[in-house]
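# Sequence plus the predicted model coming up.
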Amino acid sequence: MVLQADTAANRSLHSACASDPSDYYPVEDPAKLPNVFQTIANKFSRLQLTN
């Protein structure tokens, strides 16, 4: 997640560091942070650990 810094360079760098480019979340409006955190939390809730 990048807050108020979604430039082409940041997008390239941070999306490459993410597990998947779709896991890069540019946020320009801090009021939208709860939605981004909820999206991330939903991905974790689908995570399954196996032995």
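Noted; the coordinates are in hand.
# remind me, longest helix of this structure?
If you go by DSSP state H, the chain has its longest helix at helix 33-45.
# for that helix, the distance to its chain's centre please.
Mean-position distance between helix 33-45 and its chain equals 9 Å (Cα atoms, centre = their mean, to the nearest Å).
# and if you look at stretch 11-19?
10 Å.
# for stretch 36-50, same thing?
The answer for stretch 36-50 is 12 Å, by Cα atoms, centre = their mean.
# thinking again about what came up before, which helices and strands does the longest helix of the chain pack with?
Using 3 or more Cβ pairs under 8 Å, 6 or more residues apart in numbering; DSSP states H and E as the contact definition, helix 33-45 packs against no other helix or strand. Quick note: C-beta positions are derived from backbone N, CA and C, even for glycine.
# May I see the buried residues of that helix?
The neighbour-count check on helix 33-45 (16 or more other Cβ atoms under 10 Å) flags nothing as buried.
# pLDDT on it, on average?
On average, the pLDDT along helix 33-45 is 88.
# Equivalent analysis for stretch 3-20, please.
84.
# Verify the stated contact: N10 with A16.
No. Checked against Cβ atoms under 8 Å, the pair N10 and A16 is beyond contact range at 10.7 Å.
# Among those two, which residue is more densely surrounded?
More crowded of N10 and A16, by other Cβ atoms under 10 Å: N10, with 13 against 9.
# Skip the chain neighbours and tell me the closest residue to that one.
V2 (5.5 Å; Cβ to Cβ, 6 or more residues apart in numbering).
# again with P21
S15 (4.2 Å).
# and that neighbour, what element?
helix 8-17 (DSSP states H and E).
# No further questions, thank you.
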